[in-house]
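Q: mind looking at a prediction? Sequence and model below.
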Amino acid sequence: MKASLSIFFTLTFFLFMSCETAEKIESGDATNSIAQQENPGPYECNLTDLGINQSLGSPTSITEAIELINALPRPLNIPCFLSALNRPLKVNLTNSGRSAQPAKGNDNPRIFIMNDPLIMSVSVEGGASVLLEFAELTSDQRSIKGELHFPIYEQVIALAAPFERVASESASKCSGCHIQESKVTYPGYSGDVYESLAMKPMNGQKITVSNFKLESYKCDMLQEIDYRCHMIYGIFNHGEVVHEDFPIAMLTFFDSFGL
């Protein structure tokens, strides 16, 4: 029994270290001011002025998300992308810091945008706040992963871009935390695409929409609006924001230990 517990905690330690390493690779020691320097304006997008189909604002696949990105002005940053999403905006907020895209406490959560079957995620502060992550569900427990780094200067980005960001020679960089990874095909793309276990935050890590909205009011009182506040405004200043649950059958990180 003692030996089994020892093995369990050893595996837990190395899994956490794997995720922690990914976090350091992505966020490093970057500060919010650095993120702002990398994300010049404009911070607002007006889809009406662009004359594009409003349905682009509700992407339900990685392909559709790329179509929306390619329709928006350049340079394109994440606050601009967030403001272009149709409302009501369905989100799930977590204070979990165990991720390559970690939250920085209750005031700076990781934000999951729930456009079933597409889940997109951003963090509002730190080095990872320049990343938009994709998880396109193939079932309630598995998803195809992708990622984009912002700002985007190219007038058109290819569907390959989010997949190439997570690809490596033998596995994706997501595989340290998202187990049971395999290569799959994706419509319109012939390169490497990775599908693996999808995971949701634990119940105790949830943050309510109403509590996080208070950060928007705090931003209103600042003399100079920083990148973090533009991220928050991208969520709250364009219509209704509501909470959306993850699929009941989706596992948490700790649930995955039993697989």
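A: Alright, I've got the coordinates.
Q: now the strand or helix carrying His230: average pLDDT?
A: Using DSSP states H and E, the element containing His230 is helix 227-236. For helix 227-236, mean pLDDT rounds to 95.
Q: alpha carbons of that helix, as PDB, please.
A: Only the C-alpha atoms of helix 227-236 are listed here, as PDB (Å, rounded to 0.1, in the frame of the first residue of the first chain):
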ATOM      1  CA  TYR A 227      -3.500  45.800 -21.900                       C
ATOM      2  CA  ARG A 228      -5.200  43.800 -19.100                       C
ATOM      3  CA  CYS A 229      -8.100  46.100 -19.000                       C
ATOM      4  CA  HIS A 230      -8.500  46.000 -22.700                       C
ATOM      5  CA  MET A 231      -8.700  42.200 -22.400                       C
ATOM      6  CA  ILE A 232     -11.400  42.600 -19.800                       C
ATOM      7  CA  TYR A 233     -13.300  45.200 -21.900                       C
ATOM      8  CA  GLY A 234     -13.100  42.800 -24.900                       C
ATOM      9  CA  ILE A 235     -15.200  40.400 -22.800                       C
ATOM     10  CA  PHE A 236     -17.600  42.700 -21.000                       C
END
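Q: who are the packing partners of the helix or strand following it?
A: Using DSSP H and E, the helix or strand that follows helix 227-236 in sequence is strand 241-243. When contacts are defined as 3 or more CB pairs under 8 Å, 6 or more residues apart in numbering; DSSP states H and E, strand 241-243 packs onto strand 89-94, helix 209-220. For the C-beta atoms, the positions are set from N, CA and C on the backbone; glycine is no exception.
Q: among these, which comes closest to Cys174?
A: Evaluated over the helices and strands packed on strand 241-243, closeness to Cys174 peaks at strand 89-94, with 17.2 Å, by CB to CB.
Q: what packs against whichever helix or strand comes after the closest one?
A: Downstream of strand 89-94, the first helix or strand assigned by DSSP H and E is strand 110-115. Packing partners of strand 110-115 (3+ CB pairs under 8 Å, 6+ apart): strand 89-94, strand 118-123.
Q: would you mark the buried spots in the helix holding His230?
A: Residues of helix 227-236 classed as buried: Tyr227, Arg228, Cys229, His230, Met231, Ile232, Tyr233, Gly234, Ile235, Phe236 (neighbour count, 16 or more other CB atoms under 10 Å).
Q: how about TSV for the residues you listed, with distance to Pro109 added?
A: Listed next are those as TSV, based on distance: CB to CB, whole Å:
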residue	distance to Pro109
Tyr227	16
Arg228	12
Cys229	14
His230	16
Met231	11
Ile232	10
Tyr233	15
Gly234	14
Ile235	10
Phe236	13
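Q: out of these, who's nearest Val91?
A: Of all these, Val91 sits closest to Ile235, with 7.1 Å by CB to CB.
Q: circling back: which one of the helices and strands packed on strand 241-243 lies closest to Glu195?
A: Nearest to Glu195, of the helices and strands packed on strand 241-243 and by CB to CB, is strand 89-94 at 21.0 Å.
Q: the closest one vs strand 110-115, what angle?
A: On the basis of axes from the mean of the first three to the mean of the last three CA atoms, to 10 degrees, strand 89-94 is oriented at 150 degrees to strand 110-115.
Q: given strand 89-94, what are its sheet partners and their directions?
A: strand 110-115 (antiparallel), strand 206-207 (antiparallel), strand 241-243 (parallel) (DSSP bridges).
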